[in-house]
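sequence and predicted structure below; questions after.
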Amino acid sequence: MAAVKLYGPLASTATSRALACLLEKQVEYQLIPVDLKKREQKKPGFLAMQPFGQVPVLQDGALTLFESRAIVRYMAEKYAAQGTIGLLGKSLAERAVIEQWMEVESQTYNPPSSFLVFQLAFAQLWGIPQNQTEIAKNEKKFSNALDVYEKRLSESKYLAGDEFSIADLSHLPNTEYIVKATGKAELITSRKYVNAWWENISSRDSWKKIREMSEAGSKK
Amino acid sequence: MATIKVHGHHLSTATRLVLCCLEEKQVDYELVVVDLAAGAHKKPQYLALSPFGVVPTIQDGDLTLFESRAIVKYLAKKYKGQGTELFGNSLSEEALVEQWCEVEGQSYNSPASAILFQILFVPMRGGTTDEAVVEMNVEKLVKVLDIYEERLSKSKYLAGDFFSLADLQHLPTTHYLVTACGKGDLISSRKHVKAWWEDISCRPAWKKVSEKSS
């Protein structure tokens, strides 16, 4: 079977979200970089694949798919029998709870954490002034969400239950940047259960591989 | 089999999404009204069900589930073979449904909800609509709708030539944009978006949910 193609830069949280799933499922892939600084994602060739001009895009034979969380679900479904088993749960009810936490990531965790990552890790690099009022607002929102996560993870090893799932996986990229690049690591590390969960999921082979690839890439 | 309980409010967009899905799948349900105006969704009794304090939450036997987009996926899967098929007929079709569900959740919902919030909810709480915020979000939504126009010129529905969850997810917010916010022109000025909107908003399941006033 031909390798799937994943278009996107590794530094993009959405791209690494999709890649983490490919790695968990041990799917052969080719990672094709997209130069966001040169606005390659807004050029006609890319827009023909992804009309919103965003990374990543997956090509699997005749299927072209975008939106990292859709790519994650598709890969987990298609390759259910290989790599890490149980990413989608073992029953309809388990799958439902996984989808619930996928949506929490998408609707509640992602917006404030993305904002903080952009403002604190990238804005200055790109000469964009930081908005301190909005930073404070988003930190509060993120913190409030994390309090709910803390309670949940005190009752459950992973977000959806006792097994690692795509719900936990979806949180890897943003949390990595929060902990490593924003100066706000304590949002995660000061919460006992959130921190334990983070240490656990970020030490998986798939995420270690992505970290190695990032380091190798930044040394070029 | 026990009836599914939906804790929510008949005017809430997220609750309406779930009710519409239940209607499409021909599933019996009971709406347990959560008094949002009184802040019931932030009180301990509700938070015990749904810790982020948002509506709706469903109870299906032992399973308690929140997040409307997760709920409708669950219903679509559980009741496959009954009522309207909402996930397509193959893995590839399902993947495209997921993709356009994500587009709704990531790109459409944010500007559309921001417009609703400013025009409908802010005045309800005694505040004044911030027209600059409305304008900014209309601009964002216009860019998304232009892409939808292109897509729907090639495909009857978002994920393909079949109605799916992806189209369903757009009903509640778009309905308010068109009927309560005076933003119908965003839809009606785009030939294919307009045709799509007229098609999906006329579905009996949606009419039943949107016409109920209590």
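Great, that's in hand.

whichever helix in chain B runs longest and chain A in contact?
Secondary structure assigned by DSSP state H gives helix B:131-152 as the longest helix of chain B. Yes: interface with chain A: helix B:131-152 contributes B:Val144, B:Ile147, B:Glu150, B:Arg151 (Cβ under 8 Å from any Cβ of the partner chain). In short, each C-beta sits where N, CA and C put it, glycine included.

who are the contact partners of the third one?
This points to B:Glu150. A:Pro51 (Cβ atoms under 8 Å, 6 or more residues apart in numbering or on different chains).

still on that earlier bit, which among the residues of helix B:131-152 next to chain A count as buried?
Taking 16 or more other Cβ atoms under 10 Å in any protein chain shown as the criterion, what is buried in the residues of helix B:131-152 next to chain A is B:Val144, B:Ile147, B:Arg151.

got the residues of chain B near chain A?
Counting by Cβ under 8 Å from any Cβ, the residues of chain B near chain A are B:51-52, B:62-63, B:65-67, B:69-71, B:73-74, B:77-78, B:91-92, B:94-96, B:98-99, B:101-103, B:105-107, B:144, B:147, B:150-151.

mind showing which ranges of chain B have poor pLDDT?
Within chain B, the segments meeting pLDDT under 70 span B:1, B:213-214.

care to break it down by domain?
With domains defined by automatic domain parsing, chain B comprises B:4-78, B:91-208.

A:Glu163: which of those is closest?
Of all the domains of chain B, it is domain B:4-78 that lies closest to A:Glu163, at 17.1 Å by Cβ to Cβ.

what about the closest one, how long is it end to end?
The first and last residues of domain B:4-78 sit 12 Å apart, counting by Cα to Cα, to the nearest Å.

check stretch A:181-189 too.
Using Cα to Cα, the end-to-end distance of stretch A:181-189 comes to 14 Å.

before we move on, what about stretch A:52-65?
Length of stretch A:52-65, first residue to last, Cα to Cα: 12 Å.

what residues of it count as buried?
Buried residues in stretch A:52-65, counted by 16+ other Cβ under 10 Å: A:Gln54, A:Val55, A:Pro56, A:Val57, A:Leu58, A:Gln59, A:Asp60, A:Leu63, A:Thr64, A:Leu65.

also near chain B: which of those residues, exactly?
Near chain B, by the rule Cβ under 8 Å from any Cβ, you find A:Leu63, A:Leu65 out of the buried residues of stretch A:52-65.

ok, of the buried residues of stretch A:52-65, which one's closest to B:Met136?
When the buried residues of stretch A:52-65 are compared against B:Met136 (criterion: Cβ to Cβ), the nearest one is A:Gln54, at 19.4 Å.

just the residues contacting stretch A:60-80, thanks.
The contact list for stretch A:60-80 (Cβ under 8 Å, 6+ apart) reads A:2, A:4-6, A:14-15, A:17-18, A:21-22, A:25-27, A:49-50, A:52, A:54, A:56-59, A:87-88, A:102, A:106, A:166, A:169-170, B:91-92, B:94-96, B:98-99, B:101-103, B:106.

over to stretch B:22-40?
Residues contacting stretch B:22-40 (Cβ under 8 Å, 6+ apart): B:3-10, B:12, B:15, B:19, B:41, B:46, B:55-56, B:75-76, B:79, B:82-84, B:86, B:168, B:203-206, B:208-209.

now, of those residues, which are buried?
Applying 16+ other Cβ under 10 Å to the contacts of stretch B:22-40 flags B:4-9, B:12, B:15, B:19, B:41, B:46, B:55-56, B:75-76, B:79, B:83-84, B:86, B:168, B:203, B:205-206, B:209 as buried.

quick one: which of those residues sit in strands?
Of the positions in the buried ones among the contacts of stretch B:22-40, B:Ile4, B:Lys5, B:Val6, B:His7, B:Gly8 sit in strands, assigned by DSSP state E.

now do the contacts for the first one.
Contacts for B:Ile4 (Cβ under 8 Å, 6+ apart) come out as B:Leu22, B:Val27, B:Asp28, B:Tyr29, B:Glu30, B:Ile58, B:Gln59, B:Asp60.

ok, how many other residues are close to the fourth one?
Translated: B:Tyr29. Per other Cβ atoms under 10 Å in any protein chain shown, the neighbour tally for B:Tyr29 reads 18.

was I right about A:Tyr7 contacting A:Phe46?
Yes: the pair A:Tyr7 / A:Phe46 is scored as a contact, 7.5 Å apart, by Cβ atoms under 8 Å.

mutual contacts of these two, please.
By Cβ under 8 Å, 6+ apart, A:Tyr7 and A:Phe46 have these common neighbours: A:Val34, A:Val57.

those two: who's more crowded?
A:Tyr7 (23 against 18).

contacts only, for that one.
A:Ile32, A:Val34, A:Phe46, A:Met49, A:Val55, A:Pro56, A:Val57, A:Leu58, A:Gln59 are the contacts of A:Tyr7 under Cβ under 8 Å, 6+ apart.

again with B:Leu49
Contact analysis of B:Leu49 by Cβ under 8 Å, 6+ apart lists B:His7, B:Thr57, B:Gln59, B:Thr64, B:Phe66.

what about B:Pro172, distance to B:Ser12?
B:Pro172 is 8 Å from B:Ser12, where distance means Cβ to Cβ, to the nearest Å.

now stretch B:96-114: how far from the chain's centre is it?
Here stretch B:96-114 is found 10 Å from its chain centre; the criterion is Cα atoms, centre = their mean, to the nearest Å.

can you classify the closest residue to A:Phe142 other than its chain neighbours by secondary structure?
Leaving out its chain neighbours, the residue that sits closest to A:Phe142 by Cβ to Cβ, 6 or more residues apart in numbering or on different chains is A:Pro112, at 3.9 Å. What DSSP: H, G, I helix; E, B strand; the rest coil gives for A:Pro112 is helix.
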